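**Student:** Just to be clear, the model below is a prediction. Sequence and coordinates:
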Amino acid sequence: MFKSIGAQLNIVSQCKRYRLSLWQCPQFLFIVMGLFIILVSVVSYLIGARYILSPETVIFIVLTITSILFIISFIITRSFERLAEASRMKSEFINIVSHQLRSPLTNIKWTFEVMASEEFKVSAEKQEEYFVNVKENIARMVELIDDLLIVSKIEQGSFSITKREISLEDLIKDLVERYNVFAEASRIKLNFYSQENLPKVLADSSFLKIVTENLIDNAIRYTKGGGVVEIKLIKEKDKVLFAIKDSGVGIPQEEQKYIFQKFFRAENISRERTRGSGLGLYVCKSILDKLGGQIWFKSQLGKGTTFFFRLPIK
């Protein structure tokens with residue numbers, strides 16, 4: 001807690017995070033405006049004390065002026081902070097998307113250049129390997145574009161969901177079976193536990209699959225080799241609770257409040273892996289909000305993260 005407060009009070013680091021100069025930084029401007037408010041309050045008191053006989057009236061006037069100025073200052077600073085955060089995320093998004101698209105496109109281009117070149121004789125076995133590489137790179141680009149399309153629908157309000165009863169247990173079993181290959185290749189244990197006689201949830205199967213895929217993929221991707229990812233499903237009153245716990249890198253305390261924002265990626269996660277658009281968790285939250293569910297998490301830096309979501313039974 002104290003570490004988080006200290007990080008918030010560290011104006012220089014906050015300005016660097018937004019990539020702004022000191023005089024453009026919201027936190028620094030708030031302090032400057034705070035000093036200005038103090039100065040105005042003192043001047044108001046001195047003037048009031050000289051021309052107004054009632055001390056209570058003077059104090060009331062000073063407190064009123066101070067309160068109004070503080071509220072205005074807070075609103076302006078928060079607006080600047082939101083603009084700075086939006087600008088930072090936009091710049092980061094452009095960097096992420098350009099990298100995510102450039103890398104697979106470069107690989108595809110290089111592969112076809114080698115295969116079309118008269119200087120290289122590519123064996124049938126090697127050709128198959130090249131085609132697998134092309135397929136994987138195309139899948140990466142399709143995944144990114146799909147995320148962008150979903151975000152676009154969310155923003156335009158054309159994000160329609162059809163609810164029906166779904167076995168979340170069967171859905172997770174299929175995904176665990178598919179992701180086990182990925183987990184084993186990364187030397188990660190993927191465990192799944194489901195409460196007996198678990199009721200079905202009311203949801204849209206295609207969108208619910210996107211949510212669970214994102215959470216499972218993230219948990220495995222950000223857990224180092226030799227780690228463990230555990231998935232649990234249990235009934236809670238009239239809802240089903242999904243929990244996925246990893247032993248990965250964790251999320252810094254000061255960055256946890258941004259985790260469900262568009263295009264956001266924690267700095268330590270960006271260092272660990274370059275892949276990722278910062279859209280997955282935003283999409284997850286948007287879908288679960290539409291389904292009448294809730295999503296939250298708890299995390300400790302260097303010790304892992306647990307994501308939870310609840311969905312109504314009916």
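**Tutor:** Everything's here; your move.
**Student:** only C-alpha atoms for contact and neighbour calcs from this point on.
**Tutor:** Noted.
**Student:** could I have stretch 189-207 exported to PDB, CA atoms only?
**Tutor:** Written as PDB, here are the backbone C-alpha positions of stretch 189-207 (Å, rounded to 0.1, in the frame of the first residue of the first chain):
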ATOM      1  CA  LYS A 189       1.500 -27.800 -15.500                       C
ATOM      2  CA  LEU A 190      -2.100 -27.000 -16.500                       C
ATOM      3  CA  ASN A 191      -4.500 -28.300 -13.900                       C
ATOM      4  CA  PHE A 192      -8.300 -28.100 -14.000                       C
ATOM      5  CA  TYR A 193     -10.800 -28.700 -11.100                       C
ATOM      6  CA  SER A 194     -14.600 -28.500 -11.400                       C
ATOM      7  CA  GLN A 195     -17.200 -29.000  -8.600                       C
ATOM      8  CA  GLU A 196     -19.500 -31.900  -9.100                       C
ATOM      9  CA  ASN A 197     -22.900 -31.400 -10.600                       C
ATOM     10  CA  LEU A 198     -22.100 -27.900 -11.700                       C
ATOM     11  CA  PRO A 199     -25.100 -26.100 -13.200                       C
ATOM     12  CA  LYS A 200     -25.000 -24.500 -16.600                       C
ATOM     13  CA  VAL A 201     -24.500 -20.800 -17.000                       C
ATOM     14  CA  LEU A 202     -26.500 -18.300 -19.100                       C
ATOM     15  CA  ALA A 203     -24.200 -16.900 -21.700                       C
ATOM     16  CA  ASP A 204     -23.200 -16.700 -25.400                       C
ATOM     17  CA  SER A 205     -20.900 -19.600 -26.100                       C
ATOM     18  CA  SER A 206     -18.800 -17.900 -28.800                       C
ATOM     19  CA  PHE A 207     -18.100 -14.800 -26.700                       C
END
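**Student:** For G48, which non-adjacent residue is closest in space?
**Tutor:** V58 (5.4 Å; C-alpha to C-alpha, 6 or more residues apart in numbering).
**Student:** Could I get the full set of helices for the stretch 101-250 of the chain?
**Tutor:** 124-156, 168-185, 205-221 (DSSP state H, counting those that start in this stretch).
**Student:** Pick the most buried one from those.
**Tutor:** Stretch with highest mean neighbour count among the helices of the stretch 101-250 of the chain: helix 205-221 (a mean of 19; mean count of other C-alpha atoms under 10 Å).
**Student:** Look up how far T57 lies from the closest residue in space to I172 that isn't next to it in sequence.
**Tutor:** Spatially, and ignoring its direct neighbours in sequence, I172 is nearest to T212 (7.5 Å; C-alpha to C-alpha, 6+ apart). Using C-alpha to C-alpha, to the nearest Å, T212 is found at 61 Å from T57.
**Student:** Kindly report the same for I31.
**Tutor:** Counting by C-alpha to C-alpha, the gap from I31 to T57 is 28 Å.
**Student:** what's the residue closest to the geometric middle of the chain?
**Tutor:** With distances taken as C-alpha atoms, centre = their mean, I259 lies nearest the centre of the chain, 3.4 Å away.
**Student:** contacting residues for it?
**Tutor:** R265, A266, L281, Y282 (C-alpha atoms under 8 Å, 6 or more residues apart in numbering).
**Student:** Correct me if wrong, but the first one is in a strand.
**Tutor:** No - if the criterion is DSSP: H, G, I helix; E, B strand; the rest coil, then R265 is coil and not within a strand.
**Student:** what's the burial count for the residue nearest to it when sequence neighbours are not counted?
**Tutor:** In this structure, R265 finds its nearest non-sequential neighbour in G278, 5.3 Å apart by C-alpha to C-alpha, 6+ apart. When neighbours are counted by other C-alpha atoms under 10 Å, G278 registers 23.
**Student:** Could you check how many residues crowd around F309?
**Tutor:** 21.
**Student:** Also M115?
**Tutor:** 16.
**Student:** what bridges to L202?
**Tutor:** E165 (DSSP bridges).
**Student:** could the helices of the stretch 101-250 of the chain go into TSV alongside mean pLDDT and distance to K235?
**Tutor:** As requested, the helices of the stretch 101-250 of the chain are exported to TSV (pLDDT from 0 to 100; distance: least, C-alpha to C-alpha, whole Å):
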stretch	mean pLDDT	distance to K235
helix 124-156	78	29
helix 168-185	91	11
helix 205-221	91	17
